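> My questions are about this predicted structure, shown below with the sequence.
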Amino acid sequence: MMTTRRTAAPMRMIACLLALLMLASCGNADVPEETKAAVTTAAPVETEAPKPADGLENVDMDGFEMNILASLTRWTKAQYLTEENGEPVNDALYKRNRYLEERFKAKFNIHQDESQSHGDVALMVANQINSDDHKFEVVSIYDIYIKNFMPCVSDWNNIPHLRLNEVWWNPDATEVYNWGGKQIALNGYTSISAASCTNGVVFNKDMLKALNFDQNELYNSAREGSWTLDKMYEYGKAAVQDLNGDSIYDDQDQWGFHDAASTKAFVNAAVASSGVRYIDYDEDHYPVFAFDNERSISVLQTFIDKTFTSGAYWTNVKNPDNGTEPLFFELNRSLFAQANLMGMENLRNVEGFEIGILPFPKFDESVENYRSLSVGSSALFLLRTTTPDKYENLGILLEAMAYYTYHEVLPIYKEVALKTKAARDDESADMLDIIFSTISFDLGHSLESLVTKPIINDTFIMQDSGRVASAIEKNKKRIQTQVDDLIEASELVG
């Protein structure tokens, strides 16, 4: 295991600039129309104090300003709201900010602009670090850019008051982003981003009833921990119908389940459900490529073999980054669909049938707990230009943000955005509790283009019976080299 070395400040600046220039050149992801530009310094207004007690002292910060730079995408749009718009979740986040501003006599300055891509945000960070500017203390950006930000950030362990093993910080994320004794990034409930990106399953309640199945059996199996992929295949196979009677089962027919987001997302959710990770940690808690073993290979190979031979799933996908077309579930032609919670919320406009929600099934009954994979959410980074005199106040404000989002906003998200608009039954609310309580992370997805993507893509390209083992053998040395580079880059985290 490598040892930490001291790096001169000028070299850190150069490394940061180069890393973020590389990100800017390839990170110009599209920004959806639904996001809104906002650069604000909101004035405190009187709000009613939330009920839960956070244990934080009511410190008078005398106008202290916390400055957050956030990239806007469809998954990050509900993070740091600057005005009320009548949407319950939006307004709850807005009121949280206003309450905390008033309570601590502080201000939240949020810079988020729909015209700025991830690359633009990276350039802003690079310019700040290179000029030793102090405009922003915290940056919120897709977690897949963690390697690029490494030379530009400080260790979150420098910040007091953050109780990172509490549920409102997603302890699994705390573990994933911690190595070498440093907390590289955070992914808690300062927003609902991680929750929005968490995988589950939706089902067509009307189709289930027409097949003479009892939805309560599904819900009970989930509660009892016996909801598995094999059970989903069993139900799904019963749903398959040749709708046009041409004896050819294709995109004109009805199927058992559908990968609503992408085939890759479906595969990764299944891998996580087995309890294995693409990247795990050695005895010193440094990341290592952990998929080159019999269990991991068996999990991925078994999932692919069962899924594509189950008779319940049809796909025309050649590129696993894409989802299967047409959108069978939305068209009332699929019993199940894999989707993250943002995708479930978007299903509220589907008409003609009722929707139920389930956790993503366990890989098999040998797995003790559900693991609901969160992918593509926003991680928080502490910029290294942040001066120590700000640490105390930053810690209090961020801890309070995460605490009140978990206790005050998440229940509204569940009851209003998901249960009421997507699934309209109390049982689905119970299922959401299971999903929220089993959110899991994998550093392999934060290095997606370097780790998970080549394995899955090569697995689909290869057609032999041992294709998973072949794909891993082809990529493992290069992946471990990337992981070693990540560890080396983390030495720059101060």
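Cool, got the structure.
> what's the spacing between G188 and P287?
Here the distance between G188 and P287 works out to 20 Å (C-beta to C-beta, to the nearest Å). For the C-beta atoms, the positions are set from N, CA and C on the backbone; glycine is no exception.
> scratch that, R478 is what I was asking about
As defined by C-beta to C-beta, R478 lies at a distance of 15 Å from P287.
> More neighbours: which of the two?
Under the neighbour definition other C-beta atoms under 10 Å, R478 and P287 were set side by side, and P287 has more, 25 against 13.
> how much space is there between the more buried one and L186?
In terms of C-beta to C-beta, P287 sits 17 Å off from L186.
> One more: D172?
Using C-beta to C-beta, one gets 12 Å for the distance from D172 to L186.
> neighbour-wise, which of those two wins?
More crowded of D172 and L186, by other C-beta under 10 Å: L186, with 24 against 17.
> Low-confidence ranges, the protein, go.
Judged by pLDDT under 70, the chain has its weakly predicted residues at 1-52, 72-82, 113-116, 260-261, 316-319, 322-325, 417, 419-424, 461-465.
> May I see the buried residues of stretch 304-315?
I304, T307, S310, A312, Y313, W314, T315 (16 or more other C-beta atoms under 10 Å).
> Alpha carbons only: can I get that stretch in CSV?
Taking only C-alpha atoms (Å, rounded to 0.1, in the frame of the first residue of the first chain), the coordinates of stretch 304-315 have been written out as CSV:
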residue,chain,number,x,y,z
ILE,A,304,-27.4,-12.5,-17.8
ASP,A,305,-28.1,-16.2,-18.5
LYS,A,306,-31.3,-16.3,-16.5
THR,A,307,-32.6,-12.9,-17.8
PHE,A,308,-32.1,-13.6,-21.5
THR,A,309,-33.4,-17.1,-21.3
SER,A,310,-36.2,-16.6,-18.9
GLY,A,311,-38.8,-16.0,-21.7
ALA,A,312,-40.0,-13.0,-19.7
TYR,A,313,-37.7,-10.3,-21.1
TRP,A,314,-37.2,-9.1,-24.6
THR,A,315,-34.6,-6.6,-25.8
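> which residues are contacting that stretch?
229-230, 233, 236-237, 239-240, 249-251, 253, 255-259, 263, 266-267, 270, 324, 459, 467-468 (C-beta atoms under 8 Å, 6 or more residues apart in numbering).
> same thing but 7 Å
Counting by C-beta atoms under 7 Å, 6 or more residues apart in numbering, stretch 304-315 makes contact with 229, 233, 236-237, 240, 249-250, 255-257, 263, 324, 459, all of which sit outside it.
> Which one of those is nearest to F436?
Of all those, the one with the least separation from F436 (C-beta to C-beta) is L229, at 21.2 Å.
> residues in contact with the spatially closest residue to that closest one that is not a sequence neighbour?
If the residues on either side of it in the chain are set aside, L229 comes closest to P361, at 5.0 Å by C-beta to C-beta, 6 or more residues apart in numbering. By C-beta under 7 Å, 6+ apart, the contact list for P361 reads V201, W227, T228, L229, K231, M232, S273.
> the helices in the stretch 351-494 of the chain, which residues?
According to DSSP state H, counting those that start in this stretch, the stretch 351-494 of the chain carries its helices in the segments 391-404, 410-412, 426-437, 443-446, 452-461, 467-490.
> starting at the chain centroid, how far to the second one?
Average the C-alpha atoms of helix 410-412, do the same for its chain, and the two points are 17 Å apart (C-alpha atoms, centre = their mean, to the nearest Å).
> For that helix, name the packing helices and strands.
Here helix 410-412 touches helix 88-104, going by 3 or more C-beta pairs under 7 Å, 6 or more residues apart in numbering; DSSP states H and E.
> Please name the strands paired to whatever helix or strand comes next after the helix it packs on in the sheet, noting orientation.
Downstream of helix 88-104, the next assigned helix or strand under DSSP states H and E is strand 106-112. Based on DSSP bridges, the pairing partners of strand 106-112 within the sheet are strand 38-41 (antiparallel), strand 64-70 (parallel).
> distance between the helix or strand where N130 lies and the chain's centre?
When secondary structure is defined by DSSP H and E, N130 falls within helix 118-131. Relative to the chain's own centre, helix 118-131 is displaced by 23 Å; criterion: C-alpha atoms, centre = their mean.
> now swap in stretch 226-234 and tell me
Between the mean C-alpha position of stretch 226-234 and that of its chain there is a distance of 24 Å (C-alpha atoms, centre = their mean).
> Flag every buried residue along stretch 377-388.
Residues of stretch 377-388 classed as buried under the neighbour-count rule (16+ other C-beta under 10 Å) are S377, S378, A379, L380, F381, L382, L383, R384, T385, T386.
> Just flag the most distant two among the residues you listed.
S377 and T385 (24.5 Å).
> In terms of helix, strand or coil, where does G256 fall?
Three states are possible here, and by DSSP: H, G, I helix; E, B strand; the rest coil the one that applies to G256 is strand.
> Which residue, other than its chain neighbours, is closest to it?
Distances taken as C-beta to C-beta, 6+ apart put G236 closest to G256, at 2.2 Å, once the chain neighbours are dropped.
> One more: D442?
Setting aside the residues directly before and after it, D442 is nearest to R277 in space (C-beta to C-beta, 6+ apart), at 4.7 Å.
> That neighbour and S296, how far apart?
For R277, the distance to S296 equals 8 Å [C-beta to C-beta].
> just T315 next, same as before
23 Å.
> re the thing from before, inside strands: which ones of the buried residues of stretch 377-388?
Secondary structure from DSSP state E places S378, A379, L380, F381, L382, L383 of those in strands.
> thought the fourth one was touching V153?
Right, F381. Yes. With contacts defined as C-beta atoms under 7 Å, F381 counts as touching V153 at a distance of 4.5 Å.
> after the host helix or strand of T302 comes which helix or strand?
Secondary-structure assignment from DSSP H and E places T302 in helix 294-309. Read in the C-terminal direction, the helix or strand following helix 294-309 is strand 334-340, with elements assigned using DSSP H and E.
> What helices and strands are in contact with the next helix or strand after that following strand?
From strand 334-340 onward toward the C-terminus, using DSSP H and E, the following helix or strand is helix 341-346. Packing partners of helix 341-346 (3+ C-beta pairs under 7 Å, 6+ apart): helix 193-196, strand 199-204.
> Cheers, nothing more for now.
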